[in-house]
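*Asks:* Sequence first, then the predicted structure, then my questions.
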Amino acid sequence: MQKLVEVRKRVSTVRSIRSVASVLATVASAKLSRARERAAGVRAYAERMRAIVRRQQVAAVAAGVDLVVLSPFLQPHDEIHRVLLLHITGDRGMCGAYNSAIDREAGIFVRSRLADGVAVMAIAKGLKGEKYLRRRTEAEVVAAGGWPRGGVLPNEVDSLCDRLSDAFLSGDTDEVWCTYTRFYSPLRRYPTTVRLLPLTFESADLADVTGAAVTLPEQWFYEPDREAIVNELLGIFLRLQVFDVLLESFAAEQGARMVTMEEATERADRSLQELTVAYNRLRRETITTDLLGVLVGNAVREADEAATAMPG
(Lines give C-alpha, C1' and ligand atoms only; values in the text may rest on other atoms or scores of the structure.)
Protein backbone atom coordinates (compact mmCIF):
# COMPACT_ATOMS: atom_id res chain seq x y z
CA MET A 1 0.00 0.00 0.00
CA GLN A 2 2.89 2.32 0.79
CA LYS A 3 4.29 1.90 -2.75
CA LEU A 4 0.93 2.81 -4.27
CA VAL A 5 0.84 6.04 -2.26
CA GLU A 6 4.37 6.93 -3.35
CA VAL A 7 3.63 6.30 -7.02
CA ARG A 8 0.42 8.33 -6.76
CA LYS A 9 2.37 11.27 -5.29
CA ARG A 10 4.94 11.03 -8.07
CA VAL A 11 2.18 11.03 -10.68
CA SER A 12 0.71 14.18 -9.12
CA THR A 13 4.13 15.87 -9.08
CA VAL A 14 4.89 15.01 -12.71
CA ARG A 15 1.47 16.27 -13.78
CA SER A 16 2.14 19.60 -12.07
CA ILE A 17 5.55 19.87 -13.74
CA ARG A 18 4.02 19.03 -17.12
CA SER A 19 1.35 21.70 -16.65
CA VAL A 20 3.92 24.38 -15.80
CA ALA A 21 6.22 23.37 -18.67
CA SER A 22 3.36 23.38 -21.16
CA VAL A 23 2.23 26.86 -20.09
CA LEU A 24 5.79 28.22 -20.27
CA ALA A 25 6.26 26.75 -23.74
CA THR A 26 3.02 28.36 -24.95
CA VAL A 27 3.90 31.77 -23.49
CA ALA A 28 7.43 31.63 -24.90
CA SER A 29 6.05 30.71 -28.33
CA ALA A 30 3.73 33.74 -28.32
CA LYS A 31 6.52 36.10 -27.20
CA LEU A 32 8.87 34.63 -29.80
CA SER A 33 6.38 35.23 -32.59
CA ARG A 34 6.02 38.91 -31.69
CA ALA A 35 9.78 39.37 -31.21
CA ARG A 36 10.55 37.83 -34.62
CA GLU A 37 8.16 40.20 -36.35
CA ARG A 38 9.70 43.23 -34.63
CA ALA A 39 13.24 42.01 -35.29
CA ALA A 40 12.49 41.56 -39.00
CA GLY A 41 11.17 45.13 -39.20
CA VAL A 42 14.17 46.58 -37.35
CA ARG A 43 16.58 44.57 -39.52
CA ALA A 44 15.01 45.92 -42.73
CA TYR A 45 15.06 49.46 -41.35
CA ALA A 46 18.72 49.07 -40.30
CA GLU A 47 19.69 47.86 -43.78
CA ARG A 48 17.98 50.87 -45.32
CA MET A 49 19.69 53.21 -42.86
CA ARG A 50 23.05 51.57 -43.63
CA ALA A 51 22.44 52.20 -47.34
CA ILE A 52 21.67 55.87 -46.63
CA VAL A 53 24.85 56.29 -44.59
CA ARG A 54 26.89 54.60 -47.31
CA ARG A 55 25.46 56.98 -49.92
CA GLN A 56 26.56 59.89 -47.76
CA GLN A 57 29.95 58.26 -47.34
CA VAL A 58 30.34 57.92 -51.09
CA ALA A 59 29.21 61.50 -51.62
CA ALA A 60 31.65 62.73 -48.96
CA VAL A 61 34.53 60.83 -50.56
CA ALA A 62 33.62 62.30 -53.95
CA ALA A 63 33.65 65.77 -52.35
CA GLY A 64 37.00 65.12 -50.68
CA VAL A 65 35.52 64.98 -47.17
CA ASP A 66 36.17 62.21 -44.64
CA LEU A 67 33.11 61.30 -42.55
CA VAL A 68 35.39 60.12 -39.74
CA VAL A 69 36.44 63.73 -39.22
CA LEU A 70 32.84 64.93 -39.21
CA SER A 71 31.38 62.60 -36.58
CA PRO A 72 32.77 61.48 -33.20
CA PHE A 73 30.72 58.29 -33.57
CA LEU A 74 33.21 57.18 -36.24
CA GLN A 75 36.45 58.36 -34.66
CA PRO A 76 38.55 55.60 -33.07
CA HIS A 77 40.64 56.49 -30.04
CA ASP A 78 44.39 56.42 -30.42
CA GLU A 79 44.89 54.08 -27.45
CA ILE A 80 42.49 51.65 -25.80
CA HIS A 81 42.61 51.86 -22.01
CA ARG A 82 39.00 51.20 -21.00
CA VAL A 83 36.17 49.38 -22.77
CA LEU A 84 32.49 49.20 -21.92
CA LEU A 85 30.70 45.88 -22.36
CA LEU A 86 26.94 45.55 -22.76
CA HIS A 87 26.18 41.99 -21.64
CA ILE A 88 22.67 40.71 -22.47
CA THR A 89 21.20 37.63 -20.79
CA GLY A 90 17.87 36.58 -19.31
CA ASP A 91 16.38 37.17 -15.88
CA ARG A 92 15.62 33.53 -15.15
CA GLY A 93 16.45 30.02 -16.22
CA MET A 94 14.38 27.18 -17.67
CA CYS A 95 15.80 27.97 -21.11
CA GLY A 96 18.49 25.33 -21.51
CA ALA A 97 22.05 26.54 -22.02
CA TYR A 98 21.04 30.01 -23.23
CA ASN A 99 22.40 31.98 -20.26
CA SER A 100 25.48 29.85 -19.65
CA ALA A 101 26.55 30.06 -23.32
CA ILE A 102 26.46 33.85 -23.52
CA ASP A 103 28.04 34.12 -20.05
CA ARG A 104 31.00 32.08 -21.30
CA GLU A 105 31.29 34.42 -24.28
CA ALA A 106 31.39 37.44 -21.97
CA GLY A 107 33.91 35.72 -19.69
CA ILE A 108 36.26 35.08 -22.63
CA PHE A 109 35.98 38.72 -23.72
CA VAL A 110 36.64 40.10 -20.23
CA ARG A 111 39.62 37.83 -19.59
CA SER A 112 41.21 38.60 -22.97
CA ARG A 113 40.90 42.36 -22.44
CA LEU A 114 42.21 42.22 -18.89
CA ALA A 115 45.16 40.14 -20.13
CA ASP A 116 45.94 42.96 -22.59
CA GLY A 117 45.94 45.49 -19.76
CA VAL A 118 42.58 47.03 -20.71
CA ALA A 119 40.08 47.83 -17.95
CA VAL A 120 36.57 46.51 -18.52
CA MET A 121 33.37 48.18 -17.37
CA ALA A 122 30.10 46.34 -17.89
CA ILE A 123 26.40 47.05 -18.16
CA ALA A 124 24.40 43.92 -17.42
CA LYS A 125 21.04 43.56 -19.12
CA GLY A 126 19.49 40.58 -17.36
CA LEU A 127 19.78 39.36 -13.78
CA LYS A 128 21.62 36.16 -14.76
CA GLY A 129 24.33 38.13 -16.52
CA GLU A 130 24.73 40.53 -13.61
CA LYS A 131 25.21 37.64 -11.20
CA TYR A 132 27.80 36.03 -13.50
CA LEU A 133 29.81 39.22 -14.03
CA ARG A 134 29.93 40.03 -10.31
CA ARG A 135 30.82 36.51 -9.18
CA ARG A 136 32.92 35.05 -11.97
CA THR A 137 34.74 37.97 -13.62
CA GLU A 138 36.78 40.99 -12.62
CA ALA A 139 34.75 43.42 -14.72
CA GLU A 140 33.41 46.54 -13.02
CA VAL A 141 29.61 46.40 -13.24
CA VAL A 142 28.56 50.05 -13.53
CA ALA A 143 24.87 49.41 -14.20
CA ALA A 144 22.47 46.48 -14.23
CA GLY A 145 18.80 45.85 -14.77
CA GLY A 146 16.25 43.19 -15.61
CA TRP A 147 13.73 42.83 -18.40
CA PRO A 148 10.30 44.50 -18.20
CA ARG A 149 7.18 42.44 -18.76
CA GLY A 150 6.76 43.94 -22.22
CA GLY A 151 10.14 42.72 -23.43
CA VAL A 152 12.04 45.31 -25.48
CA LEU A 153 10.55 48.76 -24.90
CA PRO A 154 11.46 51.86 -26.96
CA ASN A 155 12.07 54.09 -23.92
CA GLU A 156 14.46 51.52 -22.49
CA VAL A 157 16.31 51.34 -25.81
CA ASP A 158 16.66 55.14 -25.80
CA SER A 159 17.96 55.16 -22.22
CA LEU A 160 20.49 52.43 -22.92
CA CYS A 161 21.63 54.05 -26.16
CA ASP A 162 22.11 57.40 -24.41
CA ARG A 163 24.19 55.76 -21.69
CA LEU A 164 26.44 54.01 -24.21
CA SER A 165 26.92 57.04 -26.47
CA ASP A 166 27.55 59.39 -23.52
CA ALA A 167 30.21 57.06 -22.13
CA PHE A 168 31.98 56.96 -25.51
CA LEU A 169 31.65 60.62 -26.45
CA SER A 170 32.72 61.84 -23.01
CA GLY A 171 35.86 59.71 -23.08
CA ASP A 172 34.90 57.48 -20.14
CA THR A 173 35.43 54.51 -22.43
CA ASP A 174 37.43 54.04 -25.61
CA GLU A 175 35.23 51.35 -27.15
CA VAL A 176 31.76 49.93 -26.59
CA TRP A 177 31.21 46.20 -27.12
CA CYS A 178 28.21 43.94 -26.78
CA THR A 179 27.83 40.23 -26.04
CA TYR A 180 24.44 38.93 -27.08
CA THR A 181 22.82 35.83 -28.58
CA ARG A 182 22.13 36.07 -32.30
CA PHE A 183 18.86 34.40 -33.23
CA TYR A 184 18.42 32.35 -36.40
CA SER A 185 15.72 29.88 -35.36
CA PRO A 186 14.48 28.33 -32.10
CA LEU A 187 17.12 25.62 -32.57
CA ARG A 188 19.90 27.83 -33.99
CA ARG A 189 21.25 30.64 -31.84
CA TYR A 190 24.84 31.69 -31.40
CA PRO A 191 26.62 33.76 -28.72
CA THR A 192 28.10 36.78 -30.49
CA THR A 193 30.47 39.62 -29.62
CA VAL A 194 30.19 42.84 -31.65
CA ARG A 195 31.62 46.34 -31.36
CA LEU A 196 28.99 49.06 -31.16
CA LEU A 197 31.25 52.12 -30.94
CA PRO A 198 33.06 53.52 -32.78
CA LEU A 199 30.78 52.74 -35.70
CA THR A 200 32.27 51.10 -38.78
CA PHE A 201 30.93 50.81 -42.31
CA GLU A 202 32.02 49.06 -45.46
CA SER A 203 34.46 50.80 -47.74
CA ALA A 204 32.76 53.47 -49.77
CA ASP A 205 31.81 52.42 -53.27
CA LEU A 206 29.05 53.16 -55.71
CA ALA A 207 26.90 50.15 -54.82
CA ASP A 208 23.99 49.83 -52.47
CA VAL A 209 23.25 46.89 -50.14
CA THR A 210 21.72 44.93 -53.02
CA GLY A 211 24.83 45.30 -55.16
CA ALA A 212 23.17 47.61 -57.66
CA ALA A 213 24.94 50.74 -58.80
CA VAL A 214 24.17 53.95 -56.90
CA THR A 215 23.66 57.08 -58.95
CA LEU A 216 24.50 60.20 -56.97
CA PRO A 217 23.24 63.68 -57.80
CA GLU A 218 25.81 66.10 -59.12
CA GLN A 219 25.47 68.30 -56.05
CA TRP A 220 24.19 67.74 -52.51
CA PHE A 221 22.45 70.47 -50.53
CA TYR A 222 22.51 70.02 -46.74
CA GLU A 223 20.30 71.83 -44.28
CA PRO A 224 21.51 72.78 -41.72
CA ASP A 225 24.89 71.25 -42.70
CA ARG A 226 26.57 67.95 -43.58
CA GLU A 227 28.02 67.40 -40.08
CA ALA A 228 24.69 67.80 -38.26
CA ILE A 229 22.88 65.49 -40.67
CA VAL A 230 25.58 62.80 -40.54
CA ASN A 231 25.63 62.90 -36.74
CA GLU A 232 21.84 62.58 -36.67
CA LEU A 233 21.92 59.62 -39.04
CA LEU A 234 24.66 57.87 -37.06
CA GLY A 235 22.78 58.42 -33.80
CA ILE A 236 19.72 56.77 -35.33
CA PHE A 237 21.87 53.94 -36.67
CA LEU A 238 23.39 53.33 -33.20
CA ARG A 239 19.90 53.18 -31.72
CA LEU A 240 18.91 50.63 -34.35
CA GLN A 241 21.94 48.52 -33.47
CA VAL A 242 21.04 48.54 -29.76
CA PHE A 243 17.41 47.80 -30.62
CA ASP A 244 18.52 44.91 -32.84
CA VAL A 245 20.79 43.21 -30.27
CA LEU A 246 18.07 43.47 -27.61
CA LEU A 247 15.42 41.98 -29.91
CA GLU A 248 17.77 39.23 -31.08
CA SER A 249 18.62 38.30 -27.49
CA PHE A 250 14.98 38.38 -26.39
CA ALA A 251 13.92 36.21 -29.34
CA ALA A 252 16.78 33.78 -28.68
CA GLU A 253 15.79 33.47 -25.01
CA GLN A 254 12.15 32.81 -25.85
CA GLY A 255 13.13 30.29 -28.52
CA ALA A 256 15.41 28.47 -26.10
CA ARG A 257 12.72 28.43 -23.41
CA MET A 258 10.07 27.21 -25.87
CA VAL A 259 12.26 24.30 -27.05
CA THR A 260 13.36 23.41 -23.52
CA MET A 261 9.84 23.45 -22.12
CA GLU A 262 8.49 21.43 -25.05
CA GLU A 263 11.16 18.81 -24.38
CA ALA A 264 10.29 18.90 -20.68
CA THR A 265 6.62 18.37 -21.56
CA GLU A 266 7.49 15.36 -23.71
CA ARG A 267 9.63 13.87 -20.95
CA ALA A 268 6.82 14.44 -18.47
CA ASP A 269 4.40 12.64 -20.81
CA ARG A 270 6.75 9.67 -21.01
CA SER A 271 7.21 9.65 -17.24
CA LEU A 272 3.44 9.79 -16.73
CA GLN A 273 2.98 6.85 -19.05
CA GLU A 274 5.64 4.82 -17.23
CA LEU A 275 4.26 5.77 -13.82
CA THR A 276 0.72 4.88 -14.92
CA VAL A 277 1.88 1.44 -16.05
CA ALA A 278 3.80 0.97 -12.79
CA TYR A 279 0.80 2.12 -10.75
CA ASN A 280 -1.58 -0.26 -12.51
CA ARG A 281 0.89 -3.13 -12.06
CA LEU A 282 1.26 -2.39 -8.35
CA ARG A 283 -2.49 -2.05 -8.00
CA ARG A 284 -3.05 -5.45 -9.60
CA GLU A 285 -0.39 -6.98 -7.39
CA THR A 286 -2.00 -5.40 -4.32
CA ILE A 287 -5.45 -6.66 -5.30
CA THR A 288 -4.04 -10.12 -5.99
CA THR A 289 -2.27 -10.15 -2.65
CA ASP A 290 -5.44 -9.05 -0.87
CA LEU A 291 -7.49 -11.74 -2.62
CA LEU A 292 -4.93 -14.38 -1.75
CA GLY A 293 -5.03 -13.19 1.85
CA VAL A 294 -8.80 -13.49 1.90
CA LEU A 295 -8.68 -16.97 0.34
CA VAL A 296 -6.00 -18.16 2.73
CA GLY A 297 -7.92 -16.70 5.64
CA ASN A 298 -11.11 -18.48 4.56
CA ALA A 299 -9.22 -21.73 4.09
CA VAL A 300 -7.68 -21.47 7.55
CA ARG A 301 -11.02 -20.59 9.10
CA GLU A 302 -12.72 -23.54 7.38
CA ALA A 303 -9.91 -25.84 8.50
CA ASP A 304 -10.29 -24.65 12.09
CA GLU A 305 -14.09 -25.14 11.98
CA ALA A 306 -13.65 -28.63 10.51
CA ALA A 307 -11.11 -29.52 13.23
CA THR A 308 -13.45 -28.21 15.90
CA ALA A 309 -16.43 -30.18 14.50
CA MET A 310 -14.58 -33.53 14.50
CA PRO A 311 -15.64 -35.89 17.34
CA GLY A 312 -13.15 -36.18 20.15
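*Replies:* Structure received.

*Asks:* ok, the residue most central in space within the chain - contacts?
*Replies:* Nearest to the mean C-alpha position of the chain, by Cα atoms, centre = their mean, lies Glu253 at 3.2 Å. Contact partners of Glu253, counting by Cβ atoms under 8 Å, 6 or more residues apart in numbering, are Gly90, Cys95, Tyr98, Thr181. Where you see a C-beta, it was placed from the backbone N, CA and C, and this is true even at glycine.

*Asks:* again, but for Ile123
*Replies:* Counting by Cβ under 8 Å, 6+ apart, Ile123 has contacts Leu84, Leu85, Leu86, His87, Val141, Val142, Ala143, Ala144, Leu160, Arg163, Leu164.

*Asks:* Specify the beta-bridge partners of it.
*Replies:* Residues in a beta bridge with Ile123, per DSSP bridges, are Leu86, Ala143.

*Asks:* Poorly predicted segments of this protein, please.
*Replies:* By pLDDT under 70, the weakly predicted segments of the chain are 1-2, 202-218, 310-312.

*Asks:* So in it, which helix runs the longest?
*Replies:* helix 226-309 (DSSP state H).

*Asks:* ranges for the strands of the stretch 51-200 of the chain?
*Replies:* Counting by DSSP state E, counting those that start in this stretch, the segments of the stretch 51-200 of the chain that form strands are 82-88, 119-125, 140-145, 175-185, 188-197.

*Asks:* hey, which of these is tucked in deepest?
*Replies:* strand 82-88 (a mean of 24; mean count of other Cβ atoms under 10 Å).

*Asks:* got a list of contacts for that one?
*Replies:* 102, 106, 109-110, 113, 118-126, 129, 133, 139, 142, 160, 164, 167-168, 172-181, 196, 242, 245-246, 249.

*Asks:* wait, doesn't Leu67 sit right on Ala60?
*Replies:* Yes. Between Leu67 and Ala60 there is a contact under Cβ atoms under 8 Å: 5.1 Å.
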